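Asker: need a structure here:
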Amino acid sequence: MEPTRPNDDCSKVLDTAINQLARESASPNSADSEVVLSSLRRLLSPVVCRRLGIYDWPEDFLLSVVIPVFNEAATVATLIQQVREVGVPCELIVVDDASTDETEKILAEIPDQTKLTILRHETNQGKGAAIRTGLAKIRGTVAVIQDADLEYSPIDFLFLLLPILEDRADVVYGSRFSSNDRPVARYWHQTGNRVVTWLSNMFTNLKLSDVETCYKLMRRELVEQVLPSLRENGFGIELEITAKLARIKGVRFYELPISYSPRGYAEGKKIGWRDGFWALWCVFRYSFRY
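Answerer: Got it, this is the predicted structure:
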């Protein structure tokens, strides 16, 4: 059982930490990152730091963030900024799937192109094809898929990475439906997702709560193992990846709740009822065919 500190006022502890950080960061002889970590460790217990996603990155750690994009001019620059602000050592691989709006121009004008790779399909091929293109270029220790529509918050990387960094998992899924703090979902959309997840679990022998989540964190060696066989061009790639990872002997799956702010079709949401039926087909297809 994790140690606790009863009668602690969490807000008071955090206020103390912030004030101490402000004082120590003013010292001209201290490195900012070392000051932040050492001060928080002194003022907060290791358990609290872990719960807040405050920990050291392993040497040479790199997270590969694959971002498939199609007509996301309104959000893609904000998303890239959000990923960078999290502070995870990462490379961003943006795959523009032949956008017809201003996406290509906006990507080219992003001021800081450091660790940013921009790829473009000349013809629209689908989300799955864009993901395959991006995964083929990763150099990081761990890969994650990130939608550009701001439905998912990159701050969750800090918590999703922990089971892998602590060697408790090889694959981590972020579940949109296992958190108690989330917007009320559309009934038929969530029900359809639960049906697809239930069928997928039957064939993979996993007990996931959200198989179609965007957030799937995978060790690079697993990506390299399944990538050559991936063939789905559309949203069905979520089921294909899960089925093929589940077949690899000894792979440890983990699932954690994530924040989720769904957008409506008027705001550009692209998945529809046809994709739901195709997802059901993919469950059966990749349960019996590699």
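
Asker: surely Arg132 meets Pro228?
Answerer: No: with contact defined as Cβ atoms under 8 Å, Arg132 and Pro228 do not form a contacting pair (9.8 Å). All C-beta spots, glycine's among them, are computed from the backbone N, C-alpha and C.

Asker: Comparing those two, which residue is more hemmed in?
Answerer: A count of neighbours by other Cβ atoms under 10 Å puts Arg132 above the other of Arg132 and Pro228, at 21 against 9.

Asker: top helix in this protein by residue count?
Answerer: Longest helix in the chain, counting residues (DSSP state H): helix 187-204.

Asker: How about it, which residues are buried there?
Answerer: By neighbour count, and taking 16 or more other Cβ atoms under 10 Å as the criterion, the buried residues in helix 187-204 are Gly192, Asn193, Val196, Thr197, Leu199, Ser200, Asn201, Phe203, Thr204.

Asker: Check these against Gln81 and report the nearest one.
Answerer: Relative to Gln81, the closest of those is Asn193; by Cβ to Cβ it sits at 29.0 Å.

Asker: Spatially nearest residue to that closest one (excluding sequence neighbours)?
Answerer: Spatial nearest neighbour of Asn193, chain neighbours left out: Glu212 (5.6 Å); criterion: Cβ to Cβ, 6 or more residues apart in numbering.

Asker: how near is that neighbour to Thr78?
Answerer: Distance of Glu212 to Thr78, computed by Cβ to Cβ, to the nearest Å: 24 Å.

Asker: again with Leu150
Answerer: When Cβ to Cβ is applied, the distance between Leu150 and Thr78 equals 7 Å.

Asker: Neighbour count for those two, which is higher?
Answerer: For Leu150 versus Thr78, the count of surrounding residues by other Cβ under 10 Å is larger for Leu150: 17 against 12.

Asker: just checking, the more buried one touches Ala77?
Answerer: No: here Leu150 lies out of contact with Ala77, judged by Cβ under 8 Å, at a distance of 11.0 Å.

Asker: My read is that Ala279 contacts Gly234, right?
Answerer: No: the pair Ala279 / Gly234 is not scored as a contact, 9.2 Å apart, by Cβ under 8 Å.

Asker: and the residue nearest the centre of the chain, what does it touch?
Answerer: Per Cα atoms, centre = their mean, the C-alpha nearest to the average position across the chain is that of Tyr215, at 3.6 Å. Residues touching Tyr215, when contacts are defined by Cβ atoms under 8 Å, 6 or more residues apart in numbering, comprise Val144, Ile145, Gln146, Tyr152, Asp156, Leu160, Val172, Tyr173, Gly174, Ile258.

Asker: List only buried entries from those.
Answerer: With neighbours counted by 16+ other Cβ under 10 Å, those contain buried members at Val144, Ile145, Gln146, Tyr152, Asp156, Leu160, Val172, Tyr173, Gly174, Ile258.

Asker: Go through the residues you listed and flag which are in helices.
Answerer: Secondary structure assignment (DSSP H) places Leu160 from the buried ones among the contacts of Tyr215 within helices.

Asker: and of the buried ones among the contacts of Tyr215, the nearest to Phe288?
Answerer: In terms of Cβ to Cβ, no member of the buried ones among the contacts of Tyr215 lies closer to Phe288 than Tyr173, at 22.5 Å.

Asker: Quickly list what the closest one is bridged to.
Answerer: Beta-bridge partners of Tyr173, counted by DSSP bridges, are Lys216, Glu255.

Asker: Against Met202, how distant is it?
Answerer: Summarising the geometry, the distance separating Tyr173 from Met202, computed by Cβ to Cβ, is 17 Å.

Asker: how many neighbours does Arg231 have?
Answerer: Arg231 has 14 neighbouring residues, counting by other Cβ under 10 Å.

Asker: Offset the numbering so it begins at 23, please.
Answerer: Sure, I'll start numbering at 23, so the last one becomes Arg253.

Asker: you'd agree it is up against Glu262?
Answerer: Yes: taking Cβ under 8 Å as the definition, Arg253 is a contact partner of Glu262 at 7.2 Å.

Asker: how about the strands in this structure?
Answerer: For the chain, the strands identified by DSSP state E occupy 85-91, 112-118, 138-142, 164-167, 193-197, 238-241, 275-279, in order along the chain.

Asker: now those as a markdown table including mean pLDDT and distance to Gly75?
Answerer: Supplementary listing: the strands of the chain in a markdown table, determined by pLDDT from 0 to 100; distance: least, Cβ to Cβ, whole Å:
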| stretch | mean pLDDT | distance to Gly75 |
| --- | --- | --- |
| strand 85-91 | 98 | 13 |
| strand 112-118 | 98 | 15 |
| strand 138-142 | 97 | 24 |
| strand 164-167 | 98 | 15 |
| strand 193-197 | 97 | 13 |
| strand 238-241 | 98 | 14 |
| strand 275-279 | 96 | 11 |
